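*Asks:* Sequence first, predicted model second:
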Amino acid sequence: MEVTLGQVLALLGAAMAVFLPGVGSAKGVGMVGEAAAGVVAEDPNKFSQTLILQALPGTQGIYGLLTGFVVMQKIGLLGGNLLPLTTYEGFLVFAACLPISVVGLLSAIAQARAAAAGVGIVAKKPEEVAKGITYAAMVETYAVLSLLASILMLFGLRFS
Amino acid sequence: MPKDEEFLFASGRIKVLESRLLSRNVIERILEAEDLDAALRVLGETDYATDFEELESIYDFEKALERSMKRTLRIIKESVKDHRVVRFFTLKYDYHNLKVVLKSRILGIVPEYLSTLGEVPLEELVKLSKGEGDAGVPAAMKAAFNEAARLYEETRDPQQVDLILDRALYEELNRLVREIGHEFLKDYLAALIDLTNIKTVVRLKYMKADFRTLEKSLLPGGTIDAGFFEDIFQEPVQALIDALSSSRYSEVIKEGLENWVSTGSPAVYEKLADDFLLGILRKGLYKPFGLEPVAGYIGAKENELKILRVLMVGKINGISEDMIRERLRDVYV
């Protein structure tokens, strides 16, 4: 089978959609985890509340993986029948991967900062944990919007 | 400059510890307690319970406070990667010990009231004072110690020891803050130095000290330069108040110095200056993570010990509630 530049570009897009938000989520979950560990070191009862906050920046990584799967399915990689994409078609797939890649990476870190601040709320007023979660969850909006954009673009593409 | 992310663990821990600092409410209850026993009962409900329980005599309350501070410093040291932030606060205890050791040597007595909060081992300091060259004391401290000892030999004036070692302490603090490179500590140290220098000028005026003593007593590194103080030294205190009326310290200076002029006591100025510094530190309370909460908390703990010291001394000596209240510092939380 002859590999085309289009196929390479499409696969590059899929890889990017997985690894950039993945890196962001890993960093984000790690950051909140550190702050949460500090709280739990002093007050072990706050484990479950801080765990919710820690999980929040993890979603971007999942969105990225989802986008990666859609690309793989779209270009026939999952079925083992890689479509013979032209260079322009490859660029289209790559472009569709951009929103979730960039927004996923940056929003995960921004969300982690908000969630780490939420950990501070849990430390002082554990009954107000919902408010901390809400603040951090607001960041999620933009990760979801970028996922939506990427997925709609990919679904709109038709390859012969 | 250390990144905020380096302090995530410590900040999380501190957010819990902040909630255990004494609230204004608890301080009021201690203040309003009928006698010492009642005051101790209130303290028994706080984080200080174990520290005070272990005391043989309440006159040793300083030991309980020191134990509590030691615990705080240990917790923070094990939570931060960048130890220099803690060093910024512990350096003064080492210099305090240096002074005690040198003055004891001068008087030919065994050093007493050494602080255990410093980071240079006490036995090394004793070695240094015995003139042993291999004492494990940092070079800057060693140099300051020898300089102070030499100057004492020359002048036979024990005040020189304080002057030299205070200056050395602040030079080292300035160096440390430059090295850390964080605006928050820079700002705090500059304000601390300015407020100390203002106090020095007024104190020396009242003591009718000469110009040379002023030059030696002014600490380096503040935002108000030494030239200003030297110019204003011959003028009445009111001139100093007017000259600094548009500075950031205007409120501290106006109320504090006017009170000092009318009562002859710096107590109100000292209280206001401490409250001002606490106001700078309080940024740490509102920042979710970073160097600020860490430094702010250590400063807040020091402030809390000052409050307790005033309260305990007041209660032990049966001083009236109003007199104590006048000297009570603001609280951090």
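*Replies:* Right, received. Where do you want to start? Residues are numbered from 1 along each chain as shown, chains lettered A, B, ... in the order given.
*Asks:* Look at B:I319 and say how many residues are nearby.
*Replies:* Counted with other Cβ atoms under 10 Å in any protein chain shown, the neighbours of B:I319 add up to 14. To be clear about C-beta, it is placed using only N, CA and C from the backbone, and glycine gets the same treatment.
*Asks:* for it, phi and psi?
*Replies:* Dihedral pair for B:I319: phi -80, psi 150, per degrees, to the nearest 10.
*Asks:* Then B:A209?
*Replies:* With angles defined as degrees, to the nearest 10, B:A209 sits at phi -70, psi 160.
*Asks:* Show the contacting residues for it.
*Replies:* The contact partners of B:A209, taken as Cβ atoms under 8 Å, 6 or more residues apart in numbering or on different chains, number zero.
*Asks:* near chain B, which residues of chain A?
*Replies:* Residues of chain A lying near chain B by Cβ under 8 Å from any Cβ of the partner chain: A:31, A:34-43, A:113, A:116-117, A:119-120, A:123-124.
*Asks:* For the residue in the stretch 101-250 of chain B that chain A sits nearest to, which non-adjacent residue is closest in space?
*Replies:* Residue nearest to chain A within the stretch 101-250 of chain B (Cβ to the nearest Cβ): B:F184, separated by 17.4 Å. For B:F184, ignoring the flanking residues on the chain, the nearest one in space by Cβ to Cβ, 6 or more residues apart in numbering or on different chains is B:E292 at 5.2 Å.
*Asks:* if we can go back for a sec, of the residues of chain A next to chain B, which belong to helices?
*Replies:* In this view, those that belong to helices under DSSP state H are A:31, A:34-42, A:113, A:116-117, A:119-120, A:123-124.
*Asks:* ChimeraX command to pick out the buried ones of these?
*Replies:* In ChimeraX, this line selects whichever of those come out buried by 16 or more other Cβ atoms under 10 Å in any protein chain shown:
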select /A:31,34,35,36,37,38,39,40,41,42,113,116,117,119,120,123
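*Asks:* Tell me which residue of chain A lies closest to chain B.
*Replies:* Distances between chain A and chain B by Cβ to the nearest Cβ are smallest at A:G38, namely 2.5 Å.
*Asks:* pretty sure that residue is in contact with B:L8, am I right?
*Replies:* Yes. At 6.9 Å, A:G38 counts as touching B:L8 under the criterion of Cβ atoms under 8 Å.
*Asks:* Where do the strands of the stretch 51-200 of chain B begin and end?
*Replies:* Counting by DSSP state E, counting those that start in this stretch, the stretch 51-200 of chain B forms no strands at all.
*Asks:* what sits against the residue of the stretch 51-200 of chain B found nearest chain A?
*Replies:* Nearest to chain A in the stretch 51-200 of chain B, going by Cβ to the nearest Cβ, is B:S79, at a distance of 6.7 Å. Shown in contact with B:S79 (Cβ under 8 Å, 6+ apart): A:G38, A:A41, B:F9, B:A10, B:R13, B:I14.
*Asks:* For A:G76, state which of those residues is nearest.
*Replies:* B:F9 (46.8 Å; Cβ to Cβ).
*Asks:* I'd like to know how far the closest one sits from chain A.
*Replies:* Noted for B:F9: a distance of 4 Å to chain A, by Cβ to the nearest Cβ, to the nearest Å.
*Asks:* per-residue confidence at that residue?
*Replies:* Confidence at B:F9, expressed as pLDDT, is 96.
*Asks:* That one and A:A36 touch, don't they?
*Replies:* No. Using Cβ under 8 Å, B:F9 is not in contact with A:A36; the gap is 9.1 Å.
*Asks:* before we move on, which element is the residue nearest to the spatial centre of chain A in?
*Replies:* Taking Cα atoms, centre = their mean, the centroid of chain A lies closest to A:Q60, which sits 1.9 Å from it. Assigned by DSSP states H and E, A:Q60 belongs to helix A:59-74.
*Asks:* quick one: low-confidence parts of chain A?
*Replies:* Within chain A, the segments meeting pLDDT under 70 span A:160.
*Asks:* secondary structure class for the closest residue to A:F159 other than its chain neighbours?
*Replies:* Counting by Cβ to Cβ, 6+ apart, A:L83 is the residue found nearest to A:F159 once chain neighbours are left out, at 5.1 Å. Of the three states, A:L83 takes coil under DSSP: H, G, I helix; E, B strand; the rest coil.
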